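Enquirer: quick one, what's the 3D model for this:
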Amino acid sequence: MHGTPHLVGDVMSRSVAAVGRDATFKEIVRMMQDRRVSALPVLAGEGRVVGVVSEADLLPKEEFRDSDPDRYTQLRRLSDLAKAGAVTAGELMTSPALTVRASATLAQAARTMAQAKVKRLPVVDDVGLLRGIVSRADLLKVFLRDDEDIAQEVRELVARLFPAPVSSARVAVRDGVLTLSGHIGDRSLIPVAARQIRAVEGVVDVTFDISGHPRRS
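Expert: I've put the predicted structure just below:
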């Protein structure tokens, strides 16, 4: 539907590799290798997400294998040293888990990932039960949207912002890059148009060519 943002539930993977609190270090590594993932949700009870164990949580065991850290390192990296001695998912995991709801928009999920510097997020329901997982690659799927589909949504937006006969704006999209050309009655609305067009899913960039004077947003 035009103008309706995709939600996490539209792109998430519903088949999720996960472990329980008692999963051993070796079991975790084996599952990551078999499923080709870099992190696993840790579940308790009937599937409630209580943490996430990632490659970063496992690496301290190798890092500190043959070292005797000095007092400064011990104080500065207490958490990593604790993980170096951990043997189960419950001891290794980062908790509480950073999660997202299926009803979140892709933009909201992308901001959460960027701020936390993580590659994927468990998707949970209202009571914290695991329902799927969303990755950076999933969020980028919107850029596979058909050019004509993008153009049609932007034409509807432009018709509201710059109604005829005062304006005669034309919309063209190629490889996600949108060009708005022609005559616009109120040029002061161009920054508004730029913001709204960039918010359309699948738009890679926006270029203006208004009344013969090119302008990039």
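Enquirer: need the residues that contact stretch 180-192.
Expert: By Cβ atoms under 8 Å, 6 or more residues apart in numbering, the residues outside stretch 180-192 that reach it are 154, 158, 161-162, 166-172, 193, 197, 206-211, 215, 217. Placement of C-beta: from N, CA and C, glycine included.
Enquirer: now the helix or strand containing P41, how far from the chain's geometric center?
Expert: Following DSSP states H and E, one finds P41 within strand 39-44. For strand 39-44, the gap between its own C-alpha mean and the chain's C-alpha mean amounts to 19 Å (Cα atoms, centre = their mean, to the nearest Å).
Enquirer: stretch 125-144 now?
Expert: On the basis of Cα atoms, centre = their mean, stretch 125-144 is displaced by 8 Å from the centre of the chain it belongs to.
Enquirer: what of stretch 168-184?
Expert: 28 Å.
Enquirer: send me that stretch as PDB with only the CA atoms.
Expert: Provided in PDB are the C-alpha atoms of stretch 168-184 (Å, rounded to 0.1, in the frame of the first residue of the first chain):
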ATOM      1  CA  SER A 168       3.500  20.700 -13.500                       C
ATOM      2  CA  ALA A 169       6.000  18.500 -11.700                       C
ATOM      3  CA  ARG A 170       7.300  15.200 -13.300                       C
ATOM      4  CA  VAL A 171       8.700  12.300 -11.400                       C
ATOM      5  CA  ALA A 172      11.200   9.800 -12.700                       C
ATOM      6  CA  VAL A 173      13.000   7.000 -10.900                       C
ATOM      7  CA  ARG A 174      16.000   5.000 -12.000                       C
ATOM      8  CA  ASP A 175      17.800   2.500  -9.700                       C
ATOM      9  CA  GLY A 176      16.100   4.100  -6.800                       C
ATOM     10  CA  VAL A 177      17.400   7.600  -7.600                       C
ATOM     11  CA  LEU A 178      14.400  10.000  -8.100                       C
ATOM     12  CA  THR A 179      14.400  13.100 -10.200                       C
ATOM     13  CA  LEU A 180      11.700  15.700  -9.800                       C
ATOM     14  CA  SER A 181      11.500  18.100 -12.800                       C
ATOM     15  CA  GLY A 182       9.200  20.700 -14.400                       C
ATOM     16  CA  HIS A 183       7.600  23.800 -13.000                       C
ATOM     17  CA  ILE A 184       6.700  24.300  -9.300                       C
END
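Enquirer: for L144, give me its contacts.
Expert: Counting by Cβ under 8 Å, 6+ apart, the residues that L144 touches are G202.
Enquirer: distance check, it against D138.
Expert: Note on L144: its distance to D138, by Cβ to Cβ, to the nearest Å, is 11 Å.
Enquirer: the contacts of stretch 180-192, buried ones only, as a PyMOL selection?
Expert: To isolate the buried ones among the contacts of stretch 180-192 in PyMOL, judged by 16 or more other Cβ atoms under 10 Å, type:
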select buried, resi 154+158+161+162+167+169+171+193+197+206+208+210
